[in-house]
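Chemist: the following block contains a protein sequence and its predicted model.
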Amino acid sequence: MGAWSDHVVPRMADASLRNEEIGRLRGEVCAPARGRVLELGFGGGLNLRWYPAAVTSVAAVEPSDVGWRLSAPRRERSPLPVERRGLDGQHLDEPDASYDTVVSTFTLCTIPDVARALAEVRRVLRPGGVLCFLEHGLAPDPGVVRWQRRLEPLQRRIAGGCHLTRDVPALVRAAGLEPTVARADYLGGPRLNRPWTYAYLGSATAP
């Protein structure tokens, strides 16, 4: 870590991931959430306004102190109790089968050992519990994929370890969860942005 990753990246993420289009997608991905929710990569709390009435509490896993501070005004406005419950999605200090829902939005790209993090997600979900995800990753177009592979080393250096080429549904499936992808497409914007903007929105149910 360093000054850039610790102080600049969390602010960049908060500013770039709160536009109207992504807000609509947050509302869609959070709609199935219920009961006790664990949110991976809570950041500035941008999902809080989208949680439905069926949610009773939110446990926030957030490694960045800056991100947690950015979330303070949103936490104060939210009717939900929110507690910071860890710094590392790869090592959740939570009992087995203790959450009804896990939410991950634009987070799986940056976790170093994403397979371990998803194994932890499965462990803490109750049987029938749901992982709700909105993540960018590997595009379906070979030309875009070539650029994703070229740009990924630089992306990881300047964006807190963010990967461009993770196949999110395949990773979720490998963790023993069966994903249902409701939407997989490029976000809005110029074609030049496509290496960064292919997004998967879906859910997966714990056995």
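Modeler: Okay, I see it. All values reported here derive from a predicted model rather than from experimental measurement. Numbering: from 1, shown residues only.

Chemist: which residues touch whichever strand or helix holds R156?
Modeler: Element membership of R156 [criterion: DSSP states H and E] is helix 142-158. Here helix 142-158 makes contact (CB atoms under 8 Å, 6 or more residues apart in numbering) with W4, L138, A139, C162, H163, L164, T165, R194, P195, W196, Y198. In this view, the C-beta of every residue, glycine as well, is placed from N, C-alpha and C.

Chemist: which of the residues you listed are buried, as a PyMOL select command?
Modeler: Entered in PyMOL, the line below selects the buried ones among those, by 16 or more other CB atoms under 10 Å:
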select buried, resi 138+139+162+163+164+194+195+196+198
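
Chemist: so which of the contacts of helix 142-158 comes closest to F106?
Modeler: C162 (8.8 Å; CB to CB).

Chemist: got the contact list for the closest one?
Modeler: C109, T110, Q155, R156.

Chemist: strands of the chain, start to end?
Modeler: Assigned by DSSP state E, the chain shows strands spanning 35-40, 55-61, 82-86, 99-105, 125-136, 178-186, 198-205.

Chemist: can you tell me which of those strands is nearest to R75?
Modeler: Closest to R75 of those is strand 82-86 (CB to CB; 5.0 Å).

Chemist: for that closest one, the distance to its chain's centre please.
Modeler: Offset of strand 82-86 from its chain centre (CA atoms, centre = their mean, to the nearest Å): 16 Å.

Chemist: all set, thanks.
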